[in-house]
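S.K.: starting from these lines, generate the structure:
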Amino acid sequence: MHVVLAGGGTAGHIEPALALADALRRQDPTVGITALGTERGLETRLVPERGYELALIPAVPLPRKPTPELITVPGRLRGTIKAAEQILERTKADVVVGFGGYVALPGYLAAKRLGVPIVIHEANARPGLANKIGSRYAAQVAVSTPDSKLRGARYVGIPLRRTIATLDRAAVRPEARAAFGLDPNLPTLLVSGGSQGARRLNEVVQQAAPYLQQSGVQILHAVGPKNELPQVHQMPGMPPYIPVPYLDRMDLAYAAADMMLCRAGAMTVAELSAVGLPAAYVPLPIGNGEQRLNAQPVVKAGGGLLVDDAELTPEWVQQNVLPVLADPHRLYQMSRAAGEFGRRDADDLLVGMVYEAMASRHRQ
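M.R.: Residues are numbered from 1 along each chain as shown. Sure thing, here's the model as predicted:
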């Protein structure tokens, strides 16, 4: 059995693909796995690091919305589709699983030409162009949100790293807080804006930090590797405010925290929901509004708060985040609501869909 994964470009496409790869190997260590990628994507580093084969094809950027530029896409895609076909033939691919992004559409079209079944996973509430087109030919379509508009889609969540999907926050909390130099008993706010959207969150949190500390809240703040660490003067007897450039152990950060202030990327929402960590979501005010749509279902379920970027101020944090952190019962209720909404088994559910797609080919 050989599976070809098509989901390069950003971590939001690559991480779910690698989580699926890990789940396939857990079930059958002999399964062959090849990831399609381009020279410009993060997959050039992430895929080999995880021990999987990477096969490169030329990059053909797709317009995010239907524009006149779409007319030129088939011509530009021709060589890329041919390259993808050659990889599918070389690997004797049994199924192509796509996650969107640059490499997905050539992968889908090559698979369609060769009669290889297609499985699609869409992480965002608003599907990208590649997955919209690919879903017409797919044997199976999986989505991360119950509100998805893709036809015939099955709601499974997002495949997550095992360190996240199996995390028991309460059990790991003492070790996690010790690792970051946090007080073992104080309510803890985790802050991270991701790679793109950190600056505004950083400014607001730095202004709100003294008030939060005076109110008995400690803060673990990932400012982003490209941003300056704030100068922090720890006040004797006050809860700590710990800024770090980057968190390479998000599982420990989630375990240490009682609540998070963050953006609303699909992966972030899925991870927080799966581990039952309530959050104040601040959607990035760019793109097509997909981050707001990502966060809305878990917020509606009671597992988080939602605030527009323009309305995020130190005062908003004081009036909305602090009351949650100061109320153990409310924290428990929101944590429980997030956990009940979240999905920890998306990787295994998607493995099942891969096998179903292969079975449907053999029945034809």
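
S.K.: assign a three-state SS to residue 93, would you?
M.R.: coil (DSSP: H, G, I helix; E, B strand; the rest coil).

S.K.: give the contact list for the closest residue to it other than its chain neighbours.
M.R.: Among residues not flanking residue 93 along the chain, residue 4 sits closest, at 4.5 Å (Cβ to Cβ, 6 or more residues apart in numbering). Any C-beta I mention is one placed from the backbone N, CA and C, and that applies to glycine too. Neighbouring residues of residue 4 by Cβ atoms under 8 Å, 6 or more residues apart in numbering: 33-36, 87-88, 91, 93, 95-97, 107, 111, 116.

S.K.: got any ranges where the stretch 251-364 of the chain has weak pLDDT?
M.R.: Scanning the stretch 251-364 of the chain for pLDDT under 70 picks out 362-364.

S.K.: going along the chain, name the strands of it.
M.R.: For the stretch 251-364 of the chain, applying DSSP state E, counting those that start in this stretch gives strands covering 259-262, 279-281, 304-306.

S.K.: just checking, what packs against the second one?
M.R.: What it means is strand 279-281. strand 259-262, helix 290-300, strand 304-306 (3 or more Cβ pairs under 8 Å, 6 or more residues apart in numbering; DSSP states H and E).

S.K.: pick the most buried one from the ones you listed.
M.R.: A comparison of these by mean neighbour count, using mean count of other Cβ atoms under 10 Å, puts strand 259-262 on top with a mean of 24.

S.K.: which outside residues touch that strand?
M.R.: The contact list for strand 259-262 (Cβ under 8 Å, 6+ apart) reads 187-194, 201, 205, 254, 268, 272, 277-282, 317, 321, 324-325, 331, 334.

S.K.: partners of that strand in the sheet?
M.R.: strand 188-192 (parallel), strand 279-281 (parallel) (DSSP bridges).

S.K.: the shortest one: how far from the chain's middle?
M.R.: For strand 279-281, the distance between its averaged C-alpha position and the chain's averaged C-alpha position is 15 Å (Cα atoms, centre = their mean, to the nearest Å).

S.K.: and the helices and strands packed on strand 279-281: which comes nearest residue 250?
M.R.: Within the helices and strands packed on strand 279-281, the stretch nearest residue 250 is strand 259-262; the backing value is 10.4 Å (Cβ to Cβ).

S.K.: roughly how far is that closest one from the heart of the chain?
M.R.: 15 Å.

S.K.: where's the residue nearest to residue 93, which helix or strand?
M.R.: If you go by DSSP states H and E, residue 4 is part of strand 2-6.

S.K.: any buried residues in that strand, and which?
M.R.: The neighbour-count check on strand 2-6 (16 or more other Cβ atoms under 10 Å) flags 3, 4, 5, 6 as buried.

S.K.: Three-state assignment for the closest residue to the last one other than its chain neighbours, please.
M.R.: What sits nearest to residue 6 in space, not counting adjacent residues and going by Cβ to Cβ, 6+ apart, is residue 107, at 3.3 Å. For residue 107, the secondary-structure state derived from three-state DSSP is helix.

S.K.: residue 107 is in contact with residue 99, isn't it?
M.R.: No. If you go by Cβ atoms under 8 Å, residue 107 and residue 99 don't touch, sitting 9.8 Å apart.

S.K.: what touches both of those two?
M.R.: In contact with both residue 107 and residue 99: residue 6, using Cβ under 8 Å, 6+ apart.

S.K.: how many other residues sit next to residue 169?
M.R.: The tally of other residues near residue 169 (other Cβ atoms under 10 Å) stands at 18.

S.K.: correct me, but it touches residue 258?
M.R.: No. Using Cβ under 8 Å, residue 169 makes no contact with residue 258, being 9.3 Å away.

S.K.: intersection of neighbour lists for those two?
M.R.: Common neighbours of residue 169 and residue 258 (Cβ under 8 Å, 6+ apart) are residue 277.

S.K.: looks to me like residue 120 is in a strand.
M.R.: Yes. Residue 120 sits within a strand when classified using three-state DSSP.

S.K.: leaving out sequence neighbours, find the closest residue to the most centrally placed residue in the chain.
M.R.: For the chain, the residue sitting closest to the mean C-alpha position, by Cα atoms, centre = their mean, is residue 267 at 1.5 Å. Of all residues beyond its chain neighbours, the one nearest residue 267 is residue 12 (5.3 Å), with distances taken as Cβ to Cβ, 6+ apart.

S.K.: please tell me how far the one you found sits from residue 239.
M.R.: Relative to residue 239, residue 12 is positioned 33 Å away (Cβ to Cβ, to the nearest Å).

S.K.: next up, phi/psi of the residue lying closest to residue 234 once chain neighbours are set aside, please.
M.R.: Residue nearest to residue 234 in three dimensions, not counting chain neighbours: residue 240, with 6.2 Å by Cβ to Cβ, 6+ apart. Note on residue 240: backbone dihedrals following degrees, to the nearest 10 are phi -70, psi 150.

S.K.: can you list the domains in the protein?
M.R.: 2-160+344-363, 163-341 (automatic domain parsing).

S.K.: which helix or which strand is home to residue 84?
M.R.: In this structure, residue 84 sits in helix 73-91 according to DSSP H and E.

S.K.: other SSEs contacting that helix?
M.R.: For helix 73-91, the packing partners by 3+ Cβ pairs under 8 Å, 6+ apart are strand 2-6, strand 32-37, helix 104-114.

S.K.: mind putting these into a markdown table with mean pLDDT and distance to residue 232?
M.R.: Converted to a markdown table, those look like this (pLDDT from 0 to 100; distance: least, Cβ to Cβ, whole Å):
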| stretch | mean pLDDT | distance to residue 232 |
| --- | --- | --- |
| strand 2-6 | 97 | 42 |
| strand 32-37 | 96 | 40 |
| helix 104-114 | 95 | 43 |
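
S.K.: all set, thanks.
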